[in-house]
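*Asks:* here's a sequence, model it:
(one chain, ligands or ions: 1)
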Amino acid sequence: MSDTNETDEKTSRGSRNKLSLNVRRTVESGHVRQNFSHGRSKSVLVEKKKRRSIGSGGAAASEEPQAKRETKPAAPKAKEEAKPAPKPEAKREAPAQDKKVVLKSLSDEERDARARALSNAKERDVKQREREEIEAQRAAERAAAREAEEAAKRERRLEEEREAKARAQAKVAEEDEKPQRKASPKSAEKPSVPERKKTPSPSRRGDDRRVRGRLTITNALDEDQRQRSLASLKRHRERQKKQPAQQNQQKIIREVTIPDVITIQELANRMAERGVDVIKFLMKDGEMHKITDVIDGDTAQLIAEDFGHTVRRVSEADVEEGFIGEKDAEEDLKSRAPIVTIMGHVDHGKTSLLDALRTTDVVGHEAGGITQHIGAYQLEAGEAGQKVTFIDTPGHEAFTAMRARGAKVTDIVVLVVAADDGVMPQTVEAINHARAANVPIIVAINKIDKQGADPSRVRTDLLSHEIVVESMGGDTLEVEVSALKRTNLDKLLEALLLQSEVMELKANPDRAADGVIVEAKLERGRGPVGTALVQRGTLKRGDIIVAGTSWGRVRALIDDHGEQVDEAGPSVPVEVLGFDNAPEAGDQFAVVENETRAREITDYRQRERRKKLAVAGERGSLEQMMNQLKESGAQEFPYLIKGDVQGSVEAITSALDNISTDEVRARPVHSAVGGITESDISLAAASNAIVFGFNVRANAQARQAAEKAGVEIRYYSVIYDLVDDVKDAMSGMLSPDRRETFLGNAKILEVFHISKVGKVAGCQVTEGKVERGAHVRLIRDDVVVHEGKLSTLKRFKDEVKEVQTGQECGMAFENYQDMREGDVIECFTVEHVERTL
Ligand SMILES: Nc1nc2c(ncn2[C@@H]2O[C@H](COP(=O)(O)OP(=O)(O)OP(=O)(O)O)[C@@H](O)[C@H]2O)c(=O)[nH]1
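*Replies:* Sure, this is the predicted structure:
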């Protein structure tokens, strides 16, 4: 709009100037604002040069075409740009031409008036110019603002491009591309450059802006990339490989899960660090390790934290969580039978009492007359036929540990005290165990039939151990009984029922079973057998059961009468068949949901056990033994024990531990149930240990290995003998001892019954020879079932002195008839030699 005005004014000015050409300057100038597309505009300075001419009309006339020529280029422009008002311009053009005609005939007055008018016009012209200048200034300011805005936009775009470029470069560094391929991101970016160049910048006039436009970072980078050589690219890639790797390693903070123990390799993996770095770290602390070494959780935590990671400690033991289920709600509980343990001093009549109660004969089967393992039985008592469960714990000192376990599952302890013997050390021990387990005691004063029995002495003896019996005003029930004569057994049962009634014993039978294994053994044909005492829930056939490190699907449940049952509820003892290994007496068992869970738990427990064994082995390493010898003179007596039942093995290790002194310590290298194997011998040889077989035998390979390695195997069937031997050996008081010499083995092919003679075994000598009069052992499944002498050795119908390998013979034992097909008869001689333990 202003352009139009300007043009108009200019035109009129031009025509006015023409009038005063003679007196005014020849150069006239003015500003014209040009508008372009996209809102751009430009202020243009227009100058008009006129030839100075003196003279009149002709000159003026000749000047006219010139003026017309000069204004011509501007006029079309003005016309073009100010299209909306072309008409007024044409109209004004016409009067100007009229004026020229009038000028020629002006009078002086008129000239003066015209001169005034001209000076006025000049003033107006000056003012107009000033206005124009101000306007131009404002326009410049507006343009500058727009420019600044544009520049900011440009800057932002540049920034984005720069980032994109950086990302592309990082990508290039990561991917192992060919250098040619690298050009692709560049070419991909190229279009953005002309785009940017094309961006409208109407007021880009300043030099600095122009420079900035040309020297963009993108341009600079483009230039850089375009000129980059292959070698430069390689170097760049190498640098990028190194730098970000190092930075990232330090930057990435991981949450490292650390269990109780972890190998260095595993720790390094979890931290995503190099194993070497971890080893170096440990070396700095003066510890030398291999990558496969196991370190404890605390050390691992220190390392992980030092490497800048966060640590989450977990315990492998978490796997045990929920193994034994939650407590039951009060309303689910139903009354159950009391679990009774009979305790007391050796030979005070525990087995006899239980036997009397069950009216079965257990005593007769025991080697050395000692109860050597726990059995559990249930019987009915009282008029209502209430059930009472008995655990028969052995009375020998060696069974202390097992007895303690017995007390854990026990509701009531029957303390058997022989009326003729009174309170003895193990009676006191039993009292202490019962107290520790917070189990009430019922005193059974036994052997009252015996002469010299003094029940009142027992009562007063007990007083000194803070047991006040009922008849003396206390609250401990006491019953005088005779196991032998079966006297007052009903009274004892009554007392038990009374006590259990007071205790209100309850359990929830409708849940997955858990309880305690009271006995475990390996049996030929039946495999591992555990006697389980259910404490809660109901154990069913087909359940997945876990006990210690053993698990299995319950194949069969056999009750105390030897009959198969489908299930066993609270307080019911049953033999469980189906374990993969023999569990240990005292192990807690529970039914788990599936095999996976069972494996998970037992695997963990086995790992733990191995770790413990490894630690025990370390303690007794040769190096440390030597150190101990040097420092304190202490010496170790390493041994390996294999037994027929877990109870016996446990009893022996505990007994040997008890006889250990500060100077000499008996250390079990390994203890387990089962026959002696080759691996036992190699373990014993490596640990310099002696091998004890308690009611078990070494197989042929084990015997050969033992001979080769010079490992001594000693067999026992009575704990006392074993303990005494070890005691003597450890105290250095070895006396002459009987020594066995192995003669040979024979296998029973068939058993015949011959009247008058009894049972005769038809055998074949498989190894060595068999001699008449020699000592023999009857071995069934590597377990000694009988030891004695041969009464007969016959070949065909003749009595012979000896039978050699491969030959068949008939053998009969002195006072023993229970031979079976498949049993092995071991023949040996006994001689007295100096003890060499
Ligand atoms: N006169 C008499 N003798 C008894 C009585 N009870 C047990 N005996 C005898 O005492 C001896 C030991 O009996 P056990 O039942 O084996 O004793 P225990 O306490 O079980 O012995 P360990 O199993 O070795 O701990 C046996 O010879 C029994 O015959 C009794 O009431 N009267």
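
*Asks:* ok, which stretches of the stretch 451-600 of the chain are helices?
*Replies:* With DSSP state H, counting those that start in this stretch as the criterion, the stretch 451-600 of the chain has helices at 455-463, 489-503, 595-619.

*Asks:* I'd like the ones you listed written out as CSV, with mean neighbour count, mean pLDDT and distance to the ligand added.
*Replies:* Just so you know, the C-beta spots here come from the backbone N, C-alpha and C atoms, and that holds for glycine as well. Shown next, in CSV, are the helices of the stretch 451-600 of the chain (neighbours: other C-beta atoms under 10 Å; pLDDT from 0 to 100; distance: least, C-beta to the nearest ligand atom, whole Å):
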stretch, mean neighbour count, mean pLDDT, distance to the ligand
helix 455-463, 18, 91, 12
helix 489-503, 18, 90, 10
helix 595-619, 14, 72, 30
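
*Asks:* would you mind putting those helices into JSON lines with distance to L353 alongside?
*Replies:* Listed next are the helices of the stretch 451-600 of the chain as JSON lines, based on distance: least, C-beta to C-beta, whole Å:
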{"stretch": "helix 455-463", "distance to L353": "15"}
{"stretch": "helix 489-503", "distance to L353": "8"}
{"stretch": "helix 595-619", "distance to L353": "37"}
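
*Asks:* tell me which of those helices approaches D108 most closely.
*Replies:* helix 595-619 (129.4 Å; C-beta to C-beta).

*Asks:* one step back: closest to Y816 out of the helices of the stretch 451-600 of the chain?
*Replies:* Taking the helices of the stretch 451-600 of the chain one by one with C-beta to C-beta, helix 489-503 is closest: 32.8 Å.

*Asks:* any idea how far the longest helix along the chain is from the chain center?
*Replies:* In the chain, taking DSSP state H as the definition, the longest helix is helix 108-174. Relative to its parent chain, helix 108-174 has a centroid offset of 73 Å by C-alpha atoms, centre = their mean, to the nearest Å.

*Asks:* show me what it is packed against.
*Replies:* Using 3 or more C-beta pairs under 8 Å, 6 or more residues apart in numbering; DSSP states H and E as the contact test, the elements touching helix 108-174 are helix 2-19, strand 27-35, strand 41-49, helix 179-189, helix 192-198, helix 207-214, helix 217-227, helix 230-251.

*Asks:* thinking again about what came up before, and of the helices of the stretch 451-600 of the chain, who's closest to D355?
*Replies:* It's helix 489-503; of the helices of the stretch 451-600 of the chain, that one is closest to D355 (C-beta to C-beta) at 10.8 Å.

*Asks:* of all the helices of the stretch 451-600 of the chain, which one is nearest F813?
*Replies:* So among the helices of the stretch 451-600 of the chain, helix 489-503 is nearest, using C-beta to C-beta, at 36.7 Å.

*Asks:* ok, residues contacting the closest one?
*Replies:* Contact partners of helix 489-503, identified using C-beta atoms under 8 Å, 6 or more residues apart in numbering, comprise 337-338, 340, 356-357, 381-382, 386, 388, 411-412, 414, 440, 442, 444, 477, 479, 481.

*Asks:* now swap in stretch 517-527 and tell me
*Replies:* If you take C-beta under 8 Å, 6+ apart as the criterion, stretch 517-527 is touched by 373-376, 391, 406, 409, 528-533, 547-548, 573, 577-579, 582-589, 644-647, 673-674, 780-781, 783.

*Asks:* now these: which count as buried?
*Replies:* Among the contacts of stretch 517-527, those classed as buried by 16 or more other C-beta atoms under 10 Å are 373-376, 391, 406, 409, 528-533, 547-548, 573, 577-579, 582-589, 644-647, 673-674, 780-781, 783.

*Asks:* tell me which of those fall in strands.
*Replies:* 375-376, 391, 528-533, 547, 573, 577-579, 588-589, 673, 780, 783 (DSSP state E).

*Asks:* now the helix or strand hosting I342 against helix 489-503, angle please.
*Replies:* Using DSSP states H and E, I342 falls within strand 339-344. Strand 339-344 and helix 489-503 are oriented at 130 degrees to each other (axes from the mean of the first three to the mean of the last three C-alpha atoms, to 10 degrees).

*Asks:* what is the orientation angle of the helix or strand following strand 339-344 with helix 489-503?
*Replies:* Going down the chain from strand 339-344, the next helix or strand is helix 350-358, by DSSP H and E. Angle of helix 350-358 versus helix 489-503, following the same axes, to 10 degrees, is 90 degrees.

*Asks:* distance of the residue located most distally from the centre of the chain relative to the ligand?
*Replies:* In terms of distance from the mean C-alpha position of the chain, S107 ranks first, at 120.6 Å (C-alpha atoms, centre = their mean). For S107, the distance to the ligand equals 166 Å [C-beta to the nearest ligand atom, to the nearest Å].

*Asks:* so who does that residue touch?
*Replies:* S107 neighbours (C-beta under 8 Å, 6+ apart): none.

*Asks:* G810 now?
*Replies:* Each residue near G810 by C-beta under 8 Å, 6+ apart is listed here: F752, V760, A761, G762, C763, T792, L793, K794, R795.

*Asks:* quickly list what the nearest residue to the fifth one once chain neighbours are set aside is bridged to.
*Replies:* Take C763 and drop its neighbours on the chain: the residue closest to it by C-beta to C-beta, 6 or more residues apart in numbering is A746, 4.0 Å away. Each beta-bridge partner of A746 is listed here, defined by DSSP bridges: V765, I825.

*Asks:* was I right about Q34 contacting K42?
*Replies:* Yes: if you go by C-beta atoms under 8 Å, Q34 and K42 touch, sitting 4.5 Å apart.

*Asks:* quick one: the residue of the stretch 151-300 of the chain found nearest the ligand from L498, how far?
*Replies:* Nearest to the ligand in the stretch 151-300 of the chain, going by C-beta to the nearest ligand atom, is D260, at a distance of 41.0 Å. Distance, D260 to L498, using C-beta to C-beta, to the nearest Å: 48 Å.

*Asks:* swap in T741?
*Replies:* From T741 to L498 the distance is 60 Å (C-beta to C-beta).

*Asks:* kindly report the same for G710.
*Replies:* Plainly put, G710 is 62 Å away from L498 if you go by C-beta to C-beta.

*Asks:* do G762 as well
*Replies:* Counting by C-beta to C-beta, the separation of G762 from L498 is 58 Å.

*Asks:* mind listing what P440 touches?
*Replies:* I412, V413, A434, T476, Q499, M503.

*Asks:* okay, the closest residue to E255 other than its chain neighbours and D296: tell me how far apart.
*Replies:* Distances taken as C-beta to C-beta, 6+ apart place T310 nearest to E255, at 5.0 Å, with adjacent residues excluded. Look at T310 and D296: by C-beta to C-beta, they are 19 Å apart.
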